[in-house]
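Q: what follows is a predicted protein model with its sequence.
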Amino acid sequence: MVGGGFGGAIAAKTLRLINPKIEVILIERNRSYSALPGANWTIGGSRRIGENRLTYDRLEGNHGVRLIYGEAQVVDAAAKTVVLEAGTLSYDFAIVAPGIGFRVDEIEGYAAAETPDLFPHAWTSGEEIVVLKRRIEEMKNGGLVVVSLPTPPYRCPQAAYERVSQIAYYLKQAKPRSKILVLDASKSSSDLADLFLTGWRRSYGDMIEYRSSQQVLQIDAPRSSLRTTSETLTADVVNLIPPQMAGTLAHRSGLIGEDNHWCAVDHSSYESTVAGGIYVLGDACLGDDQQKSASAANAQGKACAMHIAGAIAQRGHQPHFYSNVLYSLLDDKHGASAVTFYRSEGRKSVRVDKGGGVSSEWSELEGIYARAWLGSILAEMSS
Amino acid sequence: MSMLRCWRMIGCITLTLTVAATAWAQRSDKKARSIELGEALGQSCMACHGTRGASTEQAIPIIGGQNDVFISLSMKAYRDGTRPSTIMERIAKGYSTKEIEALAAYFSTQPFLRPLQETDPEKVTRGQSVHARKCKKCHLHNGRDAIDTDSPLLAGQKLQYLRRNMEEILTGKRSVEIKMDAALREITREEVEATLHFYAAQHGELH
């Protein structure tokens, strides 16, 4: 198992729960993992980023998952090996959860090394939120914050809307004359977007201006300016979330499908359709209408583990049917959720019409559940 | 009795036993398949309800080791909108009756884990006597068991979850059996709260 995020950690644990005879090695580059869900809440002040950090000790102690800390260079499907800096590891089954990378060449003027510091995306690790939070805190009252959301598919769109909510919640208290401009590359109109827009109007009035179909084409980060499909503007803080693709390991290991950006998998098993014997989880996969989220990665990790355990035991497995649950906070109290069901149909993952849906309103009770969901999923993947 | 009649009778009994054994085997096979389906479907539930249903969160109930009929009834009530909820109605609507029963079959066969919870010792003592007077006939063995599998196990359940449910029952948002309703009419709000502390205080291995 390469990658100990929301898909990888739970896949490793689930394999051991199903069959403790299976030897499971989890390769992870960080000894301390900093989750993204809930990181937004640190901007609004209702969570500390330290609460988002977890370690893998208990996966080792409680479940016998073997941990190797290091960066996997490549997974070689033909040789059935994972190449690490420290050596090469042979496997029978390889699961990888490579996360995301950014298609920075689609934004003129984006420098992969410097831009994330000037226009923080805070979209790969919870720790990155600290820089964004500091920039917002250092901004003058009456300043302009631009939040740019990329063209789909990208990691957890709901979290992007939540990001805007949390910035607004902070500004309303500390710098009430400030404004937020949301530049959404989507031609948005969904139940979820409507729920946020309604919440924003009610809680933050005209502080937030939302514009759909706004793609950032060019930036000049040192001058804090950016050009979109329709205008050029400058802002005090820019939270630029670039367009995305599967993470580096997926590219190096030859897991990318025909679209050139994402991993192509057979959704009945999560086995790569490009490199057989390698299974791919989480945001790096291109789903048929599949959302990219912690919850979806968690569900895929378990489904993949059940499939592999079934293959090892030479028995069949149940077709996948799972829910993707997304929780958000509008401020420090009010929460809402969205549920989507998926099932595997042949090699595809199909969105189920029955059940699911978005909260009808923001409520304190769902605010409590949002925190409980995060507490639970973090505990589940790490203990 | 003639020898022939005797043999016939033995044959009849053997046949009856064979039919019964086959029926039992089929039932247990069906049950095993249901548990297997429930294990696969139940993976999604565990992100919120914890590994094998052992919730780690105060707001979210433990479902591992809970009574199977109670789990089924709850899910069906969420699905029909007769039990108040936020997300559970939208979740329950995604499952067929057979799938709900499979989830219930799986989670009911898991251990009911009871980690230590923060409770008020005075309320626990008071709650114990309320339990003895009003609750113990149905919620057997201090809530570790129940008279029927359609009643929930309460011992070690999360206090915040129990409290919110009682609030829903007391404000008429959720209906309960006549016996439960009658018992609640005879005790004060403070006694209800104390009783919840008594149930929540039970932890560790219970026999």
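A: Structure received. These figures come from a predicted structure and were not determined experimentally.
Q: low-confidence ranges, the chain, go.
A: Because you didn't say which chain, this covers chain A. Residue ranges of chain A with pLDDT under 70: A:188, A:287-288.
Q: actually it's chain B I care about, not the one you picked
A: Looking at chain B by pLDDT under 70, you get B:1-20, B:24, B:206-207.
Q: show me the residue at the heart of the chain, geometrically.
A: I went with chain A, as the question did not name one. A:Arg155 (4.4 Å; Cα atoms, centre = their mean).
Q: try chain B instead
A: B:Asn67 (2.6 Å).
Q: which phi and psi values does the closest residue to that residue other than its chain neighbours adopt?
A: Leaving aside its sequence neighbours, B:Asn67 sits nearest to B:Thr149 (Cβ to Cβ, 6 or more residues apart in numbering or on different chains; 4.2 Å). Where C-beta positions appear, they are placed from N, C-alpha and C, glycine not excepted. When read as degrees, to the nearest 10, the backbone of B:Thr149 gives phi -80, psi 0.
Q: which residues does the residue in chain B positioned nearest to chain A contact?
A: Here chain B gets closest to chain A at one residue, B:Gly94, 2.8 Å apart by Cβ to the nearest Cβ. Each residue near B:Gly94 by Cβ atoms under 8 Å, 6 or more residues apart in numbering or on different chains is listed here: A:323, A:339, A:341, A:352, A:354-356.
Q: would you mind listing what in chain A touches chain B?
A: When proximity is defined as Cβ under 8 Å from any Cβ of the partner chain, chain A approaches chain B at A:13-14, A:17, A:295, A:298-299, A:302-303, A:306, A:317-318, A:320-323, A:325, A:337, A:339, A:341, A:352, A:354-357, A:359, A:363, A:365-366, A:368-369, A:371-373, A:375-377, A:379-380, A:383.
Q: in helices, which of these fall?
A: A:13-14, A:17, A:295, A:298-299, A:302-303, A:306, A:365-366, A:368-369, A:371-373, A:375-377, A:379-380 (DSSP state H).
Q: please identify which helix or strand holds the closest residue to B:Cys138 other than its chain neighbours.
A: Of all residues not flanking B:Cys138 in the chain, B:Ile147 sits nearest, at 4.7 Å (Cβ to Cβ, 6+ apart). B:Ile147 belongs to no helix or strand when assigned by DSSP states H and E.
Q: dihedrals phi and psi, B:Ile147?
A: Torsion angles, degrees, to the nearest 10, at B:Ile147: phi -70, psi -30.
Q: about what we covered before: separation between the residue nearest to the centre of chain B and B:Ser28?
A: According to Cβ to Cβ, to the nearest Å, B:Asn67 stands 19 Å off from B:Ser28.
Q: before we move on, what about A:Gln218?
A: In terms of Cβ to Cβ, A:Gln218 sits 68 Å off from B:Ser28.
Q: settle it for me: which of the two has more neighbours?
A: The residue with more neighbours, out of A:Gln218 and B:Ser28, is A:Gln218; 13 against 10, by other Cβ atoms under 10 Å in any protein chain shown.
Q: put the alpha carbons of the helix or strand hosting the more buried one into CSV.
A: Counting by DSSP H and E, the element that carries A:Gln218 is strand A:216-220. Output of strand A:216-220 as CSV, limited to C-alpha atoms (Å, rounded to 0.1, in the frame of the first residue of the first chain):
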residue,chain,number,x,y,z
VAL,A,216,-7.9,32.1,-14.2
LEU,A,217,-5.7,32.2,-17.3
GLN,A,218,-2.7,34.2,-16.2
ILE,A,219,-1.2,35.5,-13.0
ASP,A,220,1.5,37.9,-11.7
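Q: quick one: name whatever helix or strand follows it.
A: Following strand A:216-220 in sequence order, the next helix or strand is strand A:225-228 (DSSP H and E).
Q: direction included, what does that following strand pair up with?
A: strand A:216-220 (antiparallel), strand A:232-234 (antiparallel) (DSSP bridges).
Q: would you mind finding the most buried of those?
A: strand A:216-220 (a mean of 18; mean count of other Cβ atoms under 10 Å in any protein chain shown).
Q: any idea how far that one is from the middle of the chain?
A: 24 Å (Cα atoms, centre = their mean, to the nearest Å).
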